[in-house]
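Visitor: need a 3D model of the following:
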Amino acid sequence: MINSVLRHAAAKPLVFACCLLPLAWLAWRLFGGGPQGGVLAANPQEYLNRYLGDWALRFLLITLALTPLSNLTRARGFVRFRRMLGLYGFFYVCLHLLSYTWLDQGFYWPEIWKDIIKRTYITVGMASFILLIPLAATSWNRMIQRLGAARWRRLHQAFYVIAPLACLHFFMMRKGFQLEPVIYAGICGLLLAMRLVKKLTP
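Guide: Modelled structure (predicted):
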């Protein structure tokens, strides 16, 4: 039953549209929607940056969850959406980075570079973004053929490093101990542990 729903012709367009909902909601808020009439928060730049970063991390973790979910439910249809959701994760990461370089720093690259060197959480975030670039660039059937399936899989195993780095970036960004980053890190750790157990189980 689950497989038939996941493999339906309308499933991918529906998931694609749903992935744009966070952006649509943000646009609605920016252009006057909601009770505050276009005012996001007391500090709109920080709100925008954190909102986009939160959704980037959520998409990365959802992508990481698809294979364990497929194994648990025996519904291989979940894997169909892995590439799409991973690319959406990269898309929201790019928007998160753009909000920082543009709205926060005004594309002033010397100051941005100084920030990357000085602030460890930005260093970690930039490292995860750089590692994501080759994965996004090779997420096409033609690139799989060019690289070969085995080499392509080895390259995309970097995702198991990227997701924890993104969680670490989130944890370090928040001042003091906060529960939300710990929850995200716990989910990431659980998903990675499930993959490891599956791999080690005969």
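Visitor: which helices and strands sit right next to whichever strand or helix holds residue 169?
Guide: Using DSSP states H and E, residue 169 sits in helix 159-173. For helix 159-173, the packing partners by 3 or more CB pairs under 8 Å, 6 or more residues apart in numbering; DSSP states H and E come out as helix 44-73, helix 120-137, helix 179-200. Every C-beta, even on glycine, is put in place using the N, C-alpha and C of the backbone.
Visitor: tell me how far it lies from the chain's centre.
Guide: On the basis of CA atoms, centre = their mean, to the nearest Å, helix 159-173 sits 10 Å off its chain's mean C-alpha point.
Visitor: now swap in stretch 100-114 and tell me
Guide: Distance, centroid of stretch 100-114 to centroid of chain: 22 Å (CA atoms, centre = their mean).
Visitor: and if you look at stretch 88-98?
Guide: On CA atoms, centre = their mean, the centre of stretch 88-98 falls 8 Å from that of its chain.
Visitor: again, but for stretch 130-143
Guide: The answer for stretch 130-143 is 14 Å, by CA atoms, centre = their mean.
Visitor: next: stretch 20-28.
Guide: Distance of stretch 20-28 from the chain centroid (CA atoms, centre = their mean) equals 16 Å.
Visitor: now that stretch: buried residues?
Guide: The neighbour-count check on stretch 20-28 (16 or more other CB atoms under 10 Å) flags 22, 23, 26 as buried.
Visitor: okay if I get those as JSON lines plus distance to residue 146 and secondary structure?
Guide: Formatted as JSON lines, these follow (distance: CB to CB, whole Å; DSSP: H, G, I helix; E, B strand; the rest coil):
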{"residue": "22", "distance to residue 146": "33", "secondary structure": "helix"}
{"residue": "23", "distance to residue 146": "31", "secondary structure": "helix"}
{"residue": "26", "distance to residue 146": "36", "secondary structure": "helix"}
